[in-house]
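Chemist: sequence first, predicted coordinates after that:
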Amino acid sequence: MNIGIWCGYGKTLTPSTGIGVFAHNLARALAGQEGVERVVLAVHRGHTAAVQETVAAGEGCIAVVEIPRESFLQRWRRKRLIRRHRRISDRLSQLDATADAGLQARLEERRGRIERAVIQVASARDPVPADRFAGCDVWILPHVAVHRRFASASVVVIHDMVPLRFRGVIRDRDLESFRRRAACLAREATLVGCMSHVIRDDDIVGLLNCSPERVRVVPPAVPDDFPPPCPRDRVVARWPWAQGRFLLYPADFRPYKNHERLVRALQLVRQGGIAELHLVCTGEKAAPRSLRRTIEQAGLAKAVHVVGRVDRDVLARLYREAAATIVPSLYEQGSFPLLEAMHWGCPVASSDIPALREAFASMGDAMPFFDPRNEAAIAAAITDTITHRDAVVARQAAAFERLRARTWADVAREWVAVCDEAIRRHGQ
């Protein structure tokens, strides 16, 4: 079996992004599975260097295929179709119950034609379809931003439908169009995959109206693609605050990541007696204006540090040096940062949301959960974790072994079974 993993989006999925962590760990694990002859990573032309470490880890079993970029005309046609799709979606959403049924049916039919046309335009971007060129029997699509048709079987991985749940992730005017196009991709794919039963039920079935019979849940494992941590001196020389106590939150600045409440919780913690505590955010180079305003109002301009995207060895060192890793997200399908932090011996505390309850159920009371909408509750969890750090680390290390028992080899075997089923279904 030849399995392709589609990494050709606006930017290549790198190991430093959340979905990239999934894609690269999965590629490495699939390369060692019985029955898998080759794993193919599809990247944009010129991005091959970004996946070389994963290719090398495959010891000859992982290959790269470069996807030609869209021409100006193709890109213009696709964007024009998406604008038309958005206008029709807006018009349909404004129709009330008394609207003419014939008009509604015509708009729905027109919208369906546009959805199919978007895929056709994108599929025509290269003269030889990438799946035939690479000889893949099945493609795993780790993101919904794939607007093309595959000649072979495909499994789209839907991590969540966060844009439909929180304003500001994408533009309001694009919401209905985004939902319809994600649903269209789910229909076009042979099967749909995800990493959480909560996401399957609430987002894929609940929001996209996908049949549960077509959805396969494969929980992840602890990421094992980390190189050794870089020397501590290297981090301290770059960021002197690393010599002191700091919280770590590796996440992009998106509304549901809840950075502002975390900042206000930090203010409460410092006022409560841990005055020297800092907060370190990775993921993006600059905080959005609203978050900067919250930081200034809290008087924490010198205590909150935005370091942008960092290499995996630097992130490993930050985990090692952090007083705790705090994840206050309002919505997630799971949390690689929590897994990664515990891997490096850093104590963690998590927001009390259904998907994270599911992901860390085996840890019992070793995982401290808090109400992510209550700043005082976040502050209390931080204070308790730091004050009793050694005990928390010991308790979590023992519980973490139960999570570590699931390996990426286990994950890969389950994905091979999903891919095998997709190939059989596609051939029917």
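Modeler: Looks like it arrived, so ask away.
Chemist: what's the burial count for Arg214?
Modeler: 17 (other C-beta atoms under 10 Å). Where you see a C-beta, it was placed from the backbone N, CA and C, and this is true even at glycine.
Chemist: err, Arg110, not the other one
Modeler: Arg110: 14 neighbours (other C-beta under 10 Å).
Chemist: for it, give its distance to Leu92.
Modeler: 10 Å (C-beta to C-beta, to the nearest Å).
Chemist: now swap in Arg45 and tell me
Modeler: Distance of Arg45 to Leu92, given as C-beta to C-beta: 38 Å.
Chemist: what ranges does this protein have for its strands?
Modeler: Assigned by DSSP state E, the strands in the chain fall at 2-6, 38-44, 62-67, 138-141, 153-157, 191-194, 215-217, 246-250, 278-282, 304-308, 324-327, 348-351, 369-370.
Chemist: for Gln52, find the nearest of these.
Modeler: Nearest to Gln52, of all the strands of the chain, is strand 62-67, at 8.4 Å by C-beta to C-beta.
Chemist: off-centre distance for that closest one?
Modeler: Strand 62-67 sits 22 Å away from the centroid of its parent chain (C-alpha atoms, centre = their mean, to the nearest Å).
Chemist: same deal with stretch 191-199?
Modeler: Worked out by C-alpha atoms, centre = their mean, stretch 191-199 lies 13 Å from the chain centre.
Chemist: pull out the buried positions in that stretch.
Modeler: For stretch 191-199, the neighbour count (16 or more other C-beta atoms under 10 Å) marks 191-196, 198-199 as buried.
Chemist: now swap in stretch 242-249 and tell me
Modeler: Judged by neighbour count (16+ other C-beta under 10 Å), stretch 242-249 contains these buried residues: 242, 246-249.
Chemist: do me a favour and get the end-to-end distance for it?
Modeler: For stretch 242-249, the first-to-last residue distance is 14 Å (C-alpha to C-alpha, to the nearest Å).
Chemist: so what touches that stretch?
Modeler: 232, 235-236, 257, 259, 262, 266, 274, 276-282, 305, 318-319, 321-328, 337, 341, 346, 382, 386 (C-beta atoms under 8 Å, 6 or more residues apart in numbering).
Chemist: now do stretch 361-373
Modeler: Here stretch 361-373 makes contact (C-beta under 8 Å, 6+ apart) with 258, 261, 328-330, 348-353, 356-357, 360, 377-378, 380-381, 384-385, 392, 395-396, 398-400, 402-403.
Chemist: now those: which count as buried?
Modeler: 258, 261, 328-330, 348-353, 356, 360, 377-378, 380-381, 385, 392, 395-396, 399-400, 403.
Chemist: restricted to helices, list these.
Modeler: 261, 356, 377-378, 380-381, 385, 392, 395-396, 399-400, 403 (DSSP state H).
Chemist: by pLDDT, rank these and give me the bottom one.
Modeler: Model confidence across those bottoms out at Leu403, which has 91.
Chemist: pretty sure that residue is touching Leu339, no?
Modeler: Yes. Counting by C-beta atoms under 8 Å, Leu403 touches Leu339, with 7.0 Å between them.
Chemist: point out where this structure drops to low pLDDT.
Modeler: Applying pLDDT under 70 to the chain picks out residues 10-12, 16, 69-70, 96-99, 115-134, 147.
Chemist: try 50 this time
Modeler: 124-128 (pLDDT under 50).
Chemist: how about Arg402, nearest residue that isn't a chain neighbour?
Modeler: Ser362 (4.5 Å; C-beta to C-beta, 6 or more residues apart in numbering).
Chemist: that neighbour - how many residues pack around it?
Modeler: There are 14 residues near Ser362, going by other C-beta under 10 Å.
Chemist: ok, the one 3 residues further on next?
Modeler: Neighbourhood size, Asp365 [other C-beta under 10 Å]: 8.
Chemist: how close does it get to Leu247?
Modeler: Counting by C-beta to C-beta, the gap from Asp365 to Leu247 is 21 Å.
Chemist: who are the neighbours in contact with Asp174?
Modeler: Asp174 neighbours (C-beta under 8 Å, 6+ apart): Arg86.
Chemist: make 41 the first number, not 1, from now on.
Modeler: I'll keep to 41 as the first residue from here, and by that count the last item is Asp214.
Chemist: stretch 175-189: end-to-end distance?
Modeler: 15 Å.
Chemist: please state the offset of that stretch from the chain centre?
Modeler: 16 Å.
Chemist: residues in contact with stretch 231-250?
Modeler: With C-beta under 8 Å, 6+ apart as the criterion, stretch 231-250 contacts 62, 180, 193, 195-201, 204, 219, 222-223, 226-227, 251-252, 254-260, 373-374, 394-395, 398-399, 455, 458, 461-462, 465.
Chemist: at 6 Å what do you get?
Modeler: By C-beta atoms under 6 Å, 6 or more residues apart in numbering, the residues outside stretch 231-250 that reach it are 195-198, 200-201, 204, 223, 226, 252, 254-257, 259-260, 373-374, 394-395, 398, 462.
Chemist: re the thing from before, turn the strands of the chain into CSV, columns for distance to Arg213.
Modeler: What follows is these, written out as CSV (distance: least, C-beta to C-beta, whole Å):
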stretch, distance to Arg213
strand 42-46, 27
strand 78-84, 27
strand 102-107, 29
strand 178-181, 25
strand 193-197, 24
strand 231-234, 26
strand 255-257, 29
strand 286-290, 30
strand 318-322, 29
strand 344-348, 29
strand 364-367, 31
strand 388-391, 29
strand 409-410, 35
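Chemist: who wins for proximity to Phe266 among the ones you listed?
Modeler: Nearest of those (C-beta to C-beta): strand 286-290, 12.6 Å.
Chemist: how about Ile422, nearest residue that isn't a chain neighbour?
Modeler: Ranked by C-beta to C-beta, 6+ apart and with sequence neighbours excluded, the top spatial neighbour of Ile422 is Val309, at 5.1 Å.
Chemist: also Asp200?
Modeler: Nearest to Asp200 is Gln373, by C-beta to C-beta, 6+ apart, at 4.6 Å.
Chemist: same question, Val232
Modeler: Val255 (4.8 Å).
Chemist: hang on, the earlier thing: for Ala69, state which of the ones in helices among the buried ones among the contacts of stretch 401-413 is nearest.
Modeler: Leu443 (16.2 Å).
Chemist: how much space between that closest one and Asp353?
Modeler: 23 Å.
Chemist: ok, now Ala381?
Modeler: Taking C-beta to C-beta, one finds Ala381 at 15 Å from Asp353.
Chemist: can you get me a residue count around the residue nearest to Asp200?
Modeler: 24.
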